[in-house]
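Novice: One predicted model, sequence on top.
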Amino acid sequence: MDAGGWSEDTGGLPGGASGVFKDASGLFEDAVGLPAEVAGWFARRTWQPVPWSAAELVEAKRGRTVSVVLPALNEEGTVAGVVSAVRAAGELVDEVVVMDGGCTDRTAERAVAAGARVVRLDEALPGLAPRPGKGEVLWRSLAATRGDLIVFVDADLVEVGPEVVVGLVGPLLTEPGVQLVKGFYRRPLRMATTEHRSGGGRVTELMARPLLARFAPQLSGVVQPLGGEYAARRDLLARLPFAGGYGVEIALLMDTFRLAGLDAIGQVDLGVRKHRNRDLADLGVMASEILAVVLDRAGVDPGPRPVDLVQFAEGEPAGSGWFPVVRRVERTGRGPMRDTLTSR
Ligand SMILES: O=c1ccn([C@@H]2O[C@H](COP(=O)(O)OP(=O)(O)O)[C@@H](O)[C@H]2O)c(=O)[nH]1
Ligand SMILES: O=C(O)[C@@H](COP(=O)(O)O)O[C@H]1O[C@H](CO)[C@@H](O)[C@H](O)[C@H]1O
């Protein structure tokens, strides 16, 4: 599959351009070419657009099974739409599981009504007290599902369709060397009253990319390293540790690279991703979790645990001054699920 005009000998830029990449906004006038290793990987392991149909992939399954997992913490407003979108992939999907991360709203009820199986954290691993954070939810999904391939899709997406599953499992069913597939997309930024065509993926741009550039430059070709839509072989995920909070995605990416090499990773264009965009304060906590994980994977002491992140809020009414808000950032991860299951 021609990966959309990118080739290994053009410095990684479309159309043979190399050296300076001119952009209408002039923001990239100082761009340089991709390192050859990254350009080569990008050309080999990027599928844009996705070339497969659901029917072709059903044929390609050859007995392999697919579990789709939606991590959900109070997503009653969107979970049913995401479940329906995933189920529209038909026979490509063998089970749809919503992992209840501790919901106190109608997420579970609406997920069941839409056709998903709902599993609470304590049900997935009875007797093992759940820990907070997204990573714990994804880790426990390995015990709650049975598919040979596991697809993670956030439950807060809107305007999503079955192509999210088709795209993500495509390389896993057709390229034997690929073990982890990340989705990528244009990321609009939807705030309370406005929607911008791009601007989403704020922690990706401000934290993840600069960290990868310094500590794992081989992964710099991954368009959306933090994206919550990705798929992997169970036998890979079961051998990996899971970071506890929002560091789970970048940890899985770095650990897959360390364990299986760059060509075990692929990425597919999924079009546009719209989700609930959290405020900057929440993203500050997320960035802190991601920073800690990347430093840990890079062998750099991430500092004390837990760390107290001091942020500031403006008092009411406006003009009445600012006050500190301290958020304790502590997400304890888990070891490989393979070890947990064999020790139970
Ligand atoms: O402790 C958590 C945090 C998040 N999530 C779920 O993980 C997905 C991604 O989380 P979030 O939307 O907060 O991340 P963002 O997309 O804003 O970076 C969503 O479906 C959340 O409901 C979860 O199950 N438990
Ligand atoms: O990519 C990002 O920068 C963050 C925040 O996205 P937005 O700025 O709210 O679009 O979103 C991702 O990061 C989380 C941590 O990896 C993932 O868990 C989320 O699924 C993903 O949306």
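Specialist: All right, it came through fine. Ligands and ions are numbered 1, 2, ... in the order given.
Novice: Spatially central residue in the protein, please.
Specialist: The centroid of the chain falls nearest to Gly228 when counting by CA atoms, centre = their mean (2.6 Å).
Novice: got a list of what that residue touches?
Specialist: Taking CB atoms under 8 Å, 6 or more residues apart in numbering as the definition of contact, the neighbours of Gly228 are Pro71, Phe152, Val153, Asp154, Glu249, His275. (Each C-beta comes from the backbone N, C-alpha and C, glycine too.)
Novice: Tell me the secondary structure of Gly284, please.
Specialist: Reduced to three states with DSSP: H, G, I helix; E, B strand; the rest coil, the structure at Gly284 is helix.
Novice: Grab the nearest non-local neighbour of it.
Specialist: Across the structure, with CB to CB, 6 or more residues apart in numbering as the measure, the residue nearest Gly284 apart from its sequence neighbours is Gln311 (5.9 Å).
Novice: Residues contacting the helix or strand harbouring the one you found, please?
Specialist: Following DSSP states H and E, one finds Gln311 within strand 307-314. The set of residues external to strand 307-314 that reach it, using CB under 8 Å, 6+ apart, is 281, 284-285, 288, 292, 320-330.
Novice: filter the contacts of Gly228 by proximity to ligand 2?
Specialist: On the criterion CB under 6 Å from any ligand atom, Asp154, Glu249, His275 are the entries of these that sit beside ligand 2.
Novice: so the last one bridges to which residues?
Specialist: Translated: His275. Under the criterion DSSP bridges, His275 forms beta bridges with Leu157.
Novice: That one reaches Val158, doesn't it?
Specialist: Yes: in this structure, His275 is within contact of Val158 by CB atoms under 8 Å, at 6.8 Å.
Novice: quick one, which of those two is more surrounded?
Specialist: His275 (20 against 14; other CB atoms under 10 Å).
Novice: Next, the contact list for the more buried one, please.
Specialist: With contacts taken as CB under 8 Å, 6+ apart, His275 has the following neighbours: Asp154, Asp156, Leu157, Val158, Arg190, Gly200, Gly228.
Novice: Just give the nearest non-adjacent residue to the fourth one, would you?
Specialist: Looking back up the chat, that one is Val158. Leaving aside its sequence neighbours, Val158 sits nearest to Lys274 (CB to CB, 6+ apart; 4.9 Å).
Novice: count of neighbours near the one you found?
Specialist: Lys274 has 18 neighbours, counted by other CB under 10 Å.
Novice: Return the member of the ones next to ligand 2 among the contacts of Gly228 nearest to Met99.
Specialist: Of all the ones next to ligand 2 among the contacts of Gly228, the one with the least separation from Met99 (CB to CB) is Asp154, at 11.3 Å.
Novice: Which secondary structure element is home to Val98?
Specialist: strand 95-100.
Novice: Sort out which residues of that strand are buried, please.
Specialist: For strand 95-100, the buried set under the neighbour-count rule, 16 or more other CB atoms under 10 Å, comprises Val96, Val97, Val98, Met99, Asp100.
Novice: ok, back up a step: what separation do you get for the residue nearest to the centre of the chain and ligand 2?
Specialist: With distances defined as CB to the nearest ligand atom, to the nearest Å, the gap from Gly228 to ligand 2 amounts to 2 Å.
Novice: Can you pull the residues of the stretch 1-150 of the chain lying near ligand 2?
Specialist: That would be Lys134, which are the residues of the stretch 1-150 of the chain within reach of ligand 2 (CB under 6 Å from any ligand atom).
Novice: near ligand 1, which residues of the stretch 1-150 of the chain?
Specialist: On the criterion CB under 6 Å from any ligand atom, ligand 1 has as its neighbours in the stretch 1-150 of the chain the residues Pro71, Ala72, Leu73, Glu75, Gly101, Gly133, Lys134, Val137.
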